[in-house]
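Enquirer: My questions are about this predicted structure, shown below with the sequence.
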Amino acid sequence: MKALSPGLQAHLDAGTTTLAWCWRISRADGVTLGFTDHDRALSFDGTDFEPESGFAASEIRAGSDLAVDAQDAEGVLSSDRITETDILDGRWDNAQVELWRVNWTDTSQRVLLRRGAVGQIRRGRMAFVAEVRSLAHLLGQTVGRTFQAGCDAELGDARCGVDLENAVYKGTGIVTERLRDRAFRASGLAAFETGWFAFGTLTWTSGANAGRITEVLAHELTGSSATLTLLEAPIRAFAPGDSFVARAGCDKRIKTCAAKFANVVNFRGFPHIPGQDAVLRYASQNAGHAGDVL
C-alpha cells in the first residue's frame, strides 16, 4: 500500500484532480531524463520533466506473486533527447525508471508508484514501445558459477586479478583506414603481436563513438599497421583519425591464462573435466574408455 502525503490525499479527496504522469529515466551512461504527459514542463527533485514528449503509458499491472510485472511506455521520437540512434546504440538498455503520479499545480504533492528497468524496446518507423519491468526481474537472473572447462571470470575483474591498465595489456591507437563497417587499420599498436587484442575490448576516445566500449573479434598485425575487426559494427560510423584504447583479450583457456597473463593461480575454470569426446566415445578396451579413472 502506498503512503500518500496529507496534501496529496486531500487533493484526491476533493474529487476534482489535476494529476499527471511523470517518468524519470536514469541511463547507464549517467544521463538522467524526465518526461511528462502534461502540456507544460514540471520540475521536482532536481529533474526537469519535458512536456509533450510523446510518452503514453499502458495500465499498471501488479501481482502478489514473484512474477515480473511489466508496463509499456509508448512514445514517438518527438523529443530531441530520444533518438533512434541512441536506442540502437543500447544507451536505453536496462535504464532505471521511476514512475510518478504528480499534482501538476503543486509538484510537492506526488507519489512514486513504481520503480523498474527498461526491458525490450520495439521500434517502428515513427514510434517505439519500451517495456518497463518491475524490480522482480532481478530475481530471474542466473546467480552462481558454471561448471565448465573455460574460465568464468571476466578478464580484469576482482576474481581474475589481471591489471588491464598495465601498459603490457593496453594500447592506444588511431584509425588510419576504414575497411568495412566493423573493420579498420590503425597505427600505434605495432608493439603488440597478432591476436593480442582478440576477444578484448576497445574504448573509443574521440569521434562519433567517444565513450563507447565495443568488443574486438580479431586482431592482425602487418608491419607497423594493425587490423582490428569488431564483434559488432558501431551504430555511429567511425572514421580515419578517431582514437581509441584497446585492451588485451582472453579466450578463457588455461593455456592462454598461463602463457599470456601468468595468472593460472586465479584461473576460474575446470580444465580437467571430461569433454564431449569422452561422452560420445563407445566402450573399447584399447581406446581409453575401459572403465578406468579418467
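Expert: Looks like it arrived, so ask away. Numbering: from 1, shown residues only.

Enquirer: what's the neighbour count on N266?
Expert: Neighbour count of N266, defined by other CB atoms under 10 Å: 14. C-beta here means a position set from N, CA and C on the backbone, and glycine is covered the same way.

Enquirer: That one and C151: what is the separation?
Expert: Computed as CB to CB, to the nearest Å, the N266 to C151 distance reads 9 Å.

Enquirer: Give the residues shared as contacts by those two.
Expert: C160, C257 (CB atoms under 8 Å, 6 or more residues apart in numbering).

Enquirer: What residues are bridge-paired with T172?
Expert: V245 (DSSP bridges).

Enquirer: ok, it - how many residues close by?
Expert: Residues within reach of T172, counting by other CB under 10 Å, total 15.

Enquirer: That one reaches G188, doesn't it?
Expert: Yes - between T172 and G188 there is a contact under CB atoms under 8 Å: 5.6 Å.

Enquirer: can you pull out the strands in the stretch 51-200 of the chain?
Expert: Under the criterion DSSP state E, counting those that start in this stretch, the stretch 51-200 of the chain contains strands at 56-57, 70-76, 96-103, 110-123, 127-134, 170-180, 183-187.

Enquirer: which parts of the longest one are buried?
Expert: The neighbour-count criterion (16 or more other CB atoms under 10 Å) identifies R110, V111, R114, G116, A117, V118, G119 as the buried residues of strand 110-123.

Enquirer: what bridges to the second one?
Expert: It refers to V111. Residues in a beta bridge with V111, per DSSP bridges, are R101.

Enquirer: residues contacting it?
Expert: With contact set as CB under 8 Å, 6+ apart, V111 has these partners: K2, L4, S5, L8, W100, R101.

Enquirer: Looking at the buried residues of strand 110-123, which is nearest A233?
Expert: In terms of CB to CB, no member of those lies closer to A233 than V118, at 22.9 Å.

Enquirer: What residue, apart from its backbone neighbours, is nearest the closest one spatially?
Expert: Nearest non-adjacent residue to V118, counting by CB to CB, 6 or more residues apart in numbering: A95, 4.5 Å away.

Enquirer: residues near that neighbour, how many?
Expert: When neighbours are counted by other CB under 10 Å, A95 registers 20.

Enquirer: quick check: mean pLDDT across stretch 187-206?
Expert: Averaging pLDDT along stretch 187-206 gives 95.

Enquirer: how about that stretch: buried residues?
Expert: Per 16+ other CB under 10 Å, stretch 187-206 contains these buried residues: 188-189, 192, 195-205.

Enquirer: go on, stretch 40-48?
Expert: Quick answer for stretch 40-48 (16+ other CB under 10 Å): L42, T47.

Enquirer: measure that stretch end to end?
Expert: 11 Å (CA to CA, to the nearest Å).

Enquirer: hang on, A248 packs against L155?
Expert: Yes - contact criterion CB under 8 Å: A248 and L155 qualify, at 7.4 Å.

Enquirer: Nearest spatial neighbour of the spatially most central residue of the chain, chain-adjacent residues omitted?
Expert: Nearest residue to the geometric centre of the chain (CA atoms, centre = their mean): D93, 6.1 Å. Ranked by CB to CB, 6+ apart and with sequence neighbours excluded, the top spatial neighbour of D93 is V118, at 6.7 Å.

Enquirer: mind checking how far that neighbour is from A28?
Expert: With the distance defined as CB to CB, V118 ends up 10 Å from A28.

Enquirer: For the two, list the residues in contact with both.
Expert: By CB under 8 Å, 6+ apart, V118 and A28 have these common neighbours: D93, N94, A95.

Enquirer: Can you tell me which of those is nearest G241?
Expert: D93 (28.7 Å).

Enquirer: Pull the contacting residues for S224.
Expert: S187, A190.

Enquirer: Tell me how far it lies from R182.
Expert: 22 Å.

Enquirer: what do you get for V111?
Expert: From V111 across to R182, the span is 47 Å (CB to CB).

Enquirer: re the thing from before, looking at the shared contacts of V118 and A28, which one is closest to H272?
Expert: Using CB to CB, the shared contacts of V118 and A28 come closest to H272 at N94, 36.7 Å.
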